[in-house]
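> everything below, folded, please.
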Amino acid sequence: MQNMTTQNVDLPKLTSLDSLTQAAECLRVLAHPHRLRMIQMMLAGRFTVRELAQACELPTAMASEHLRLMQRCGFLSSDKEGRKVFYRVADPHIKNLMKCVEDRCGGSPHERNFLSQYLGMFRYIDQLATNVRKGEINERTNDYTRETLGA
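Next up, the predicted model:
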């Protein structure tokens, strides 16, 4: 394999690995079809756990756990009105991210299949981030990553 150098190439400003690790963790949280559905709904308004659970055909407790994970990453906020808690998207960047997902994956069966592959890629990236944190990345893993992702 040819050794690539950057002597004559101006690299773009690169994000720190710590920031990218944090971003990978948040992307991992979003990499679930029910969470993406909830995000789609909340981009249109605010909803209770029960409403989101029904739309996703989930038990309320499971929907609540999905919401907790997304709220922990700062994607959501909640407002309590009496006994009801309403959730809404708090991070303005989520709208752009969902637009990208919808543009690439919305609608046809082919596009829905692509969404499944896209989510699989998020999970693969998450596993790579875990391996990096554990120091388990080696040349074999790098070759596999280049072959799999076409890098």
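> run a quick neighbour tally on the nearest residue to residue 71 once chain neighbours are set aside.
In this structure, residue 71 finds its nearest non-sequential neighbour in residue 78, 6.8 Å apart by CB to CB, 6 or more residues apart in numbering. Any C-beta I mention is one placed from the backbone N, CA and C, and that applies to glycine too. As a burial measure, residue 78 scores 14 neighbours (other CB atoms under 10 Å).
> and the helix or strand hosting residue 78, what's buried?
Following DSSP states H and E, the helix or strand that holds residue 78 is strand 76-81. Going by neighbour count (16 or more other CB atoms under 10 Å), the buried part of strand 76-81 is residue 76.
> now the element after that strand, going C-ward?
Heading C-terminal from strand 76-81 (DSSP H and E), you reach strand 84-89.
> what's next to that following strand, contact-wise?
38-39, 42-43, 45-49, 52, 67, 71, 75-80, 95 (CB atoms under 8 Å, 6 or more residues apart in numbering).
> show me what residue 78 is bridged to.
Beta bridges link residue 78 to residue 87, judged by DSSP bridges.
> which residues does it contact?
Applying CB under 8 Å, 6+ apart, the residues near residue 78 are 67, 71, 85, 86, 87, 88.
> now with 10 Å, please.
Residue 78 makes contacts with 46, 48, 49, 67, 71, 85, 86, 87, 88, 90, as judged by CB atoms under 10 Å, 6 or more residues apart in numbering.
> put the buried members of these into a PyMOL selection.
To isolate the buried ones among these in PyMOL, judged by 16+ other CB under 10 Å, type:
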select buried, resi 46+48+49+67+85+86+87
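> between the contacts of residue 78, which is nearest residue 60?
Of all the contacts of residue 78, residue 60 sits closest to residue 49, with 5.6 Å by CB to CB.
> could you measure the closest one against residue 75, distance?
Distance, residue 49 to residue 75, using CB to CB, to the nearest Å: 15 Å.
> same check on residue 28?
12 Å.
> overlap in contacts, those two.
Joint contacts of residue 28 and residue 75 (CB under 10 Å, 6+ apart) are residue 69.
> counting neighbours, go ahead and name the busier of these two.
Neighbour totals were compared for residue 28 and residue 75, and residue 75 leads with 23 against 18 (other CB under 10 Å).
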